[in-house]
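# Quick one, structure for this:
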Amino acid sequence: ELGMPSSPLYRLWRQAALEAHKSSEWVKRSSDRSAMTTVPPEPPLSHRAFRELMEPSYFRYAHAFLADIDQCDTAVSDTFDILWLSWNEALASEDIQRYAWSVLRTTVMSRTPHLDGRPELAPAAFDTVALRTLNPGEDRTEQLVESLQLFKAVSRLPDQQLDVFVLRHMCGMPAQDVADLLGVPPATVRSDERHAEHFLESVLCPPPETEGKTS
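All right, here's what the predicted structure looks like:
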């Protein structure tokens, strides 16, 4: 009726039903009554090429917030289904990477636990490079506490600075790759990274209070 591809619509509807705690049997009964095509249509060639190019990086970003691999897979798959449904709009947008990133970010954040309105990164603290490369006998508890403090501060960053920090420091992406992914100039990435680092330094390493002030 709407002239929209049925495959991504069905997958998104099914996922929403399961997340609304509908049983698998209910989903199957409901979809059996739907007039689904026998052979699902293929997405446009340009969409398939875009997915092949972006999917690995999208998954790495999702995994920074979602510890569960299945949740990551679902968030990324939902992103590309939503993009398929709005592909003409995406192609007509000012920048397709920026358009697609907005869809990915919204999808990931909708599944990420939040505390005081900010995404929680605490699960990521258990999989940091520092923890994975500790030598035997080193204090994991101390390093874990430092990581938890860092990620709590990171979660307070403005959205784009948060994304840049996650992609640069947690996903290990070069600045140019981050710029391409977000659809912004490399200078913007460098500026966001500097502002993020200054903020984190001010929170984690505040200047000592001046002693013996003169009146």
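# For residue 61, pull up the helix or strand it's in.
Using DSSP states H and E, residue 61 maps to helix 45-65.
# just the angle between the helix or strand just after that helix and helix 45-65, please?
Where DSSP H and E defines the elements, the next helix or strand beyond helix 45-65 is helix 69-85. Using axes from the mean of the first three to the mean of the last three CA atoms, to 10 degrees, the inter-axis angle of helix 69-85 relative to helix 45-65 is 150 degrees.
# residues of helix 69-85 that come out buried?
71-72, 74-85 (16 or more other CB atoms under 10 Å). Bear in mind the C-beta positions are built from the backbone N, C-alpha and C, glycine included.
# Now for the residue lying closest to residue 44 once chain neighbours are set aside, how many residues are close by?
Once flanking residues are discounted, residue 44 sits nearest to residue 87: 6.0 Å by CB to CB, 6 or more residues apart in numbering. Using other CB atoms under 10 Å, residue 87 has 19 neighbouring residues.
# who's in contact with residue 87?
Residues near residue 87 by CB atoms under 8 Å, 6 or more residues apart in numbering: 43, 44, 46, 47.
# quick one: it and residue 100, what's the gap?
According to CB to CB, to the nearest Å, residue 87 stands 10 Å off from residue 100.
# buried stuff in stretch 160-169?
Within stretch 160-169, the residues that qualify as buried are 160, 161, 162, 163, 164, 165, 166, 167, 168, 169, counting by 16+ other CB under 10 Å.
# which among those residues gets closest to residue 200?
Residue 200 lies nearest to residue 165 out of the buried residues of stretch 160-169, by CB to CB, at 8.0 Å.
# mind checking pLDDT for that closest one?
At residue 165, the model reports a pLDDT of 93.
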